[in-house]
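Chemist: quick one, what's the 3D model for this:
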Amino acid sequence: MKRILMMVFRNIILVPYMWCRLCYHASHTEKYTEEEQYALLKFIVLRANKGGNVKIEAHGVENIPKESGFMFFPNHQGLYDVLAILEACPKPFSVVAKKEVKNVPFLKQVFACMRAYMLDRENVRQAMQVIIDVSNEVKNGRNYLIFAEGTRSRNGNRIGELKGGSFKAATKAKCPIVPVALIDSFKPFDTNTINKVTVQVHFLEPLCYDKYKDMKTTEIATLVHDRIQETIDKFEKK
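Modeler: Numbers count the residues shown, from 1 in each chain. Predicted coordinates:
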């Protein structure tokens, strides 16, 4: 909360303008292209990060597929994760998020601009429909992000088990899977400090469909998990 307040106070002149624009864009998504929405979100996040003493280090940007229609699978550390990836990634993407965050101020508007899907983990039918809808959109060239852990790890830079079912949309879309390793992304919003923090975003080499088409989703989950944790172990600053 302290860091969020600092982000606001250090951008106090711009906040009313940015908030009004964000809310308008969130309420009128049909008026803007995905690129226009993404440009607005990047502008806001860049200003917020600068005011909040948050530095984003992006690694492996060259691993992001040049053609759209791929899916990011990052580890899940906290509420800040999507904002970190948003600054680091030059290409627009959307998100599949749990319904519990759909009414969190600011995130609600961000997800609306991204035309994100809210997943009800207690409703199997709704969850299956989301998988179908996302896979169809990825086939048509949209990019998506899914947190395969299902919830925040709350264990720092140690990641939890990745759920095999989270990869069903990717296997249905036959799209590249891009593992993303987040390091210290829990610190901006999930710790009670305003000290300068550096968040690392590592885009790992994508898994093309030919590499995983014969694997079970649980096997894909294990592979992605291990590649993310190995990257964190290598680059984490002790």
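
Chemist: ok, the residue nearest the centre of the chain - contacts?
Modeler: Nearest to the geometric centre of the chain sits residue 82, at 3.5 Å (Cα atoms, centre = their mean). Residue 82 sits next to 95, 97, 107, 110, 145 when contact means Cβ atoms under 8 Å, 6 or more residues apart in numbering. (Each C-beta comes from the backbone N, C-alpha and C, glycine too.)

Chemist: need the residues you listed in TSV with pLDDT, can you?
Modeler: Putting the contacts of residue 82 into TSV (pLDDT from 0 to 100) gives the following:
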residue	pLDDT
95	95
97	86
107	85
110	91
145	97
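
Chemist: inside strands: which ones of those residues?
Modeler: Among those, the ones falling in strands (DSSP state E) are 95, 97, 145.

Chemist: strands along this structure, start to end?
Modeler: Using DSSP E, strands in the chain cover 54-59, 71-74, 94-98, 117-119, 144-146, 177-183, 197-203.

Chemist: any chance of those in JSON lines, with mean neighbour count too?
Modeler: Shown next, in JSON lines, are those (neighbours: other Cβ atoms under 10 Å):
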{"stretch": "strand 54-59", "mean neighbour count": "17"}
{"stretch": "strand 71-74", "mean neighbour count": "26"}
{"stretch": "strand 94-98", "mean neighbour count": "20"}
{"stretch": "strand 117-119", "mean neighbour count": "21"}
{"stretch": "strand 144-146", "mean neighbour count": "25"}
{"stretch": "strand 177-183", "mean neighbour count": "25"}
{"stretch": "strand 197-203", "mean neighbour count": "21"}
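
Chemist: quick one, which of those is nearest to residue 32?
Modeler: Closest approach to residue 32 among the strands of the chain is made by strand 94-98 (13.7 Å; Cβ to Cβ).

Chemist: dump stretch 211-226 to CSV, restricted to CA.
Modeler: Below are the C-alpha coordinates for stretch 211-226, written out as CSV (Å, rounded to 0.1, in the frame of the first residue of the first chain):
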residue,chain,number,x,y,z
LYS,A,211,8.2,-29.9,-29.5
TYR,A,212,5.3,-30.5,-27.1
LYS,A,213,2.5,-32.0,-29.3
ASP,A,214,3.2,-35.5,-28.1
MET,A,215,3.5,-34.5,-24.4
LYS,A,216,0.7,-34.7,-21.7
THR,A,217,-0.2,-31.3,-20.3
THR,A,218,1.2,-32.4,-16.9
GLU,A,219,4.5,-33.1,-18.7
ILE,A,220,4.5,-29.7,-20.3
ALA,A,221,3.7,-28.1,-16.9
THR,A,222,6.7,-29.9,-15.3
LEU,A,223,9.0,-28.8,-18.2
VAL,A,224,7.9,-25.2,-18.0
HIS,A,225,8.2,-25.2,-14.1
ASP,A,226,11.7,-26.5,-14.2
